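In: Have a look at this fold, sequence not included:
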Ligand SMILES: NC(=O)c1ccc[n+]([C@@H]2O[C@H](COP(=O)([O-])OP(=O)(O)OC[C@H]3O[C@@H](n4cnc5c(N)ncnc54)[C@H](OP(=O)(O)O)[C@@H]3O)[C@@H](O)[C@H]2O)c1
């Protein structure tokens with residue numbers, strides 16, 4: 001599978017994150033990765049790694065086994081129309097990371113010429129730490145494995161029902177922005193209580209990483225670990241309760257649901 005050739009059609013924010021993650025792990029050789037967009041000069045920084053860059057989508061997919069479509073939803077139909085007669089049944093898999101476009105709609109455009117997957121990674125793919133939710137309809141043995149192999153290189157993967165793909169977009173892909181905003185607020189607080197920005201960032205980043213790794217390794221609910229930090233009548237519980245009085249959890253949940261309602265439209 002590491003000899004599979006990959007093309008990323010519409011290499012913008014998420015496409016570049018995927019390419020950088022693949023380059024970092026060095027499992028798929030750079031020469032087997034092709035990235036496209038119309039303004040190709042925007043990808044010039046990838047050239048030095050040996051990634052193939054082009055603006056011709058049809059040329060880009062010619063030798064590819066895995067074709068990742070990473071354009072915005074309003075561009076996907078025209079890109080699929082452009083590619084459909086050039087897809088190679090039996091040899092290629094098409095993976096859309098475009099949000100909100102169902103497999104049935106993609107199949108309707110490409111006449112089901114190749115198996116279609118949807119995948120929802122996040123931008124931490126660039127450092128090999130994405131979580132990618134994958135869904136598919138009926139596939140042959142080995143096809144899902146090929147897709148998982150690719151996304152496992154840039155983080156972890158899980159297979160979900162397509163019904164949950166929009167939820168996965170909010171929780172996993174948009175979710176990183178919520179976490180980053182939380183981190184920013186922590187840093188701002190850290191500066192107010194005495195640290196310079198760089199030191200505050202270093203403390204907060206490691207604290208957030210440690211919290212996540214604690215939960216991942218111990219398989220615990222956050223509140224179980226929070227109980228270990230909150231001394232009765234202590235400073236942590238006073239701070240946490242003040243945050244809750246000001247709507248901390250409620251605000252986060254409401255924001256997440258607002259994002260979900262937006263994507264559902
Ligand atoms: N950003 C994320 O964190 C993230 C995570 C998961 C999923 N997604 C989904 O991925 C999709 C792309 O998001 P994004 O943030 O990466 O958007 P983006 O930065 O705008 O990237 C899309 C790219 O597609 C290119 N493009 C448009 N039409 C094209 C065409 N005909 N041929 C080749 N390239 C074309 C654009 O470049 P040119 O204008 O130069 O062609 C652009 O760079 C969205 O549906 C989004 O929901 C995003």
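Out: Ah, there it is. Fair warning: this is a prediction, and the values are worked out from it, not measured in the lab.
In: Any idea how many residues pack against the residue of the stretch 101-250 of the chain found nearest the ligand?
Out: In the stretch 101-250 of the chain, the residue that lies nearest the ligand is residue 173 (3.9 Å; CB to the nearest ligand atom). To be clear about C-beta, it is placed using only N, CA and C from the backbone, and glycine gets the same treatment. Neighbours of residue 173 under the rule other CB atoms under 10 Å: 20.
In: Residue 259 too?
Out: 18.
In: element containing it, please.
Out: If you go by DSSP states H and E, residue 259 is part of helix 248-264.
In: packing partners for that helix?
Out: helix 165-168, helix 175-192 (3 or more CB pairs under 8 Å, 6 or more residues apart in numbering; DSSP states H and E).
In: contacting residues around the residue nearest to the residue of the stretch 101-250 of the chain closest to the ligand when sequence neighbours are not counted?
Out: Distance criterion CB to CB, 6 or more residues apart in numbering; nearest residue to residue 173, sequence neighbours excluded, is residue 122 at 4.7 Å. By CB atoms under 8 Å, 6 or more residues apart in numbering, residue 122 lies in contact with 14, 17, 130-132, 172-173, 175-176.
In: State the mean pLDDT of the longest strand seen in the chain.
Out: Ordering each strand of the chain by length in residues (DSSP state E) puts strand 130-136 first. Averaged across strand 130-136, the pLDDT comes to 97.
In: what angle do the helix or strand just after that strand and strand 130-136 make?
Out: As assigned by DSSP H and E, the chain's next helix or strand after strand 130-136 is helix 143-153. Per axes from the mean of the first three to the mean of the last three CA atoms, to 10 degrees, the angle that helix 143-153 makes with strand 130-136 is 170 degrees.
In: Sketch out the low-pLDDT regions of the stretch 151-265 of the chain for me.
Out: Within the stretch 151-265 of the chain, no range satisfies pLDDT under 70.
In: Was I right to think residue 195 contacts residue 203?
Out: Yes. Contact criterion CB atoms under 8 Å: residue 195 and residue 203 qualify, at 6.9 Å.
In: Could you list the buried residues of stretch 109-117?
Out: By 16 or more other CB atoms under 10 Å, the buried positions in stretch 109-117 come out as 109-110, 113-117.
In: who in the stretch 101-250 of the chain is up against the ligand?
Out: 120-123, 173 (CB under 6 Å from any ligand atom).
In: swap the cut-off to 5 Å and go again
Out: Residues of the stretch 101-250 of the chain that fall close to the ligand, judged by CB under 5 Å from any ligand atom: 123, 173.
In: tell me which element the closest residue to residue 77 other than its chain neighbours falls in.
Out: The spatially closest residue to residue 77, leaving aside those adjacent along the chain, is residue 109, at 6.0 Å (CB to CB, 6+ apart). Assigned by DSSP H and E, residue 109 falls within helix 103-110.
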